[in-house]
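# output the structure for:
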Amino acid sequence: MKPLLLRRCPSRRFVAPWLLLAGLPVHAVPLVVTVTDEQGAPLADAVVAVQVKGTPAHAPAGTSAELGQKNRRFTPTVLAVQTGTAVHFPNFDTVRHHVYSFSPIKTFELKLYAGTPAAPVVFDKPGTAALGCNIHDTMTAYVRVVDTPYFARTDGSGRAQLELPTGDHQLQTWHALLGVDVLGPVQPLKVGSAPVAAAVKLNAKAP
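Model prediction:
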């Protein structure tokens, strides 16, 4: 497979605070990834993750995230976390919810509750967990778990930005339209000293 072509990106260089907390290299290069479907339409809520040699697969101890319920919807609909992250599920509604997942990477149930359960759910395996509510069938969400500290979720314009060290890496992309267990192609990614941008096109009709 040919290396992913990169073009110069005028993004401003900065150091993300989580790089310092995770003890990762602070001399990082901004990377902007744009994800589209086969027709070129931008895909929001795609999760891009970059495998960088020598970086830890598991999140540092104490890493946590939040996937809430508000207006009878999960917020956000897609949550991206690193392996080992503890996820809290606060209920901001006045009605109770019953959150569950039967996915192989994490099976759990938070039975009918209001407020925030005392114990978070630790996602200790990479992959995708599909979530639902046993009371409200229209409520669905996904937790995408990656074994790298370099990941981001695309916004409404299909764009995501993250900070990378220089070197030869691998870019992996997931979107719910592909299916829970289906990934986009792994693409080689070469990062130099200048800010860069990459484009990913996904076949949303893949089985």
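
# so Ala86 touches Pro120, yeah?
Yes: with contacts defined as C-beta atoms under 8 Å, Ala86 counts as touching Pro120 at a distance of 4.0 Å. The C-beta positions use only the backbone N, C-alpha and C, and glycine is treated the same way.

# all helices of the protein, in order?
17-21 (DSSP state H).

# from Ala199, how far out is Asp168?
Distance, Asp168 to Ala199, using C-beta to C-beta, to the nearest Å: 19 Å.

# out of the two, which sits in the busier spot?
Between Asp168 and Ala199, Ala199 has the larger neighbour count (other C-beta atoms under 10 Å), namely 16 against 11.

# which ones are touching the more buried one?
Val33, Thr34, Thr36 (C-beta atoms under 8 Å, 6 or more residues apart in numbering).

# pLDDT below threshold where in the protein?
1-27, 204-207 (pLDDT under 70).

# recalculate using a threshold of 50.
1-22, 206-207 (pLDDT under 50).

# of all residues in the chain, which one is nearest the centre?
In the chain, the C-alpha nearest the mean C-alpha coordinate belongs to Ala80, at 2.7 Å (C-alpha atoms, centre = their mean).

# any figure for the gap between that one and Asp155?
Taken as C-beta to C-beta, the span from Ala80 to Asp155 is 13 Å.

# now do Leu164 against Tyr142, distance only.
Leu164 is 24 Å from Tyr142, by C-beta to C-beta.

# who's more crowded, these two?
Higher neighbour count among Leu164 and Tyr142: Tyr142, with 24 against 20, using other C-beta under 10 Å.

# surely that one touches Thr77?
Yes: Tyr142 is within contact range of Thr77, at 7.1 Å (criterion: C-beta under 8 Å).

# tell me, what's touching those two both at once?
Common neighbours of Tyr142 and Thr77 (C-beta under 8 Å, 6+ apart) do not exist.

# what residues are shared contacts of Ala86 and Pro120?
Ser64.

# list the contacts for the closest residue to Thr173 other than its chain neighbours?
Leaving out its chain neighbours, the residue that sits closest to Thr173 by C-beta to C-beta, 6 or more residues apart in numbering is Gly184, at 4.0 Å. Gly184 makes contact with Gln172, Thr173, Trp174, His175, Leu178, Val200, Leu202, according to C-beta under 8 Å, 6+ apart.

# what about the closest residue to Lys70 other than its chain neighbours, how many residues nearby?
Closest residue to Lys70 apart from its sequence neighbours, by C-beta to C-beta, 6+ apart: Phe92 at 4.3 Å. Residues near Phe92, counting by other C-beta under 10 Å, number 13.

# residues contacting Phe92?
Neighbours of Phe92 in contact, by C-beta under 8 Å, 6+ apart: Gly68, Gln69, Lys70.

# can you pick the most crowded of those residues?
So for these (other C-beta under 10 Å), the most neighbours sit at Gln69, 22 neighbours.
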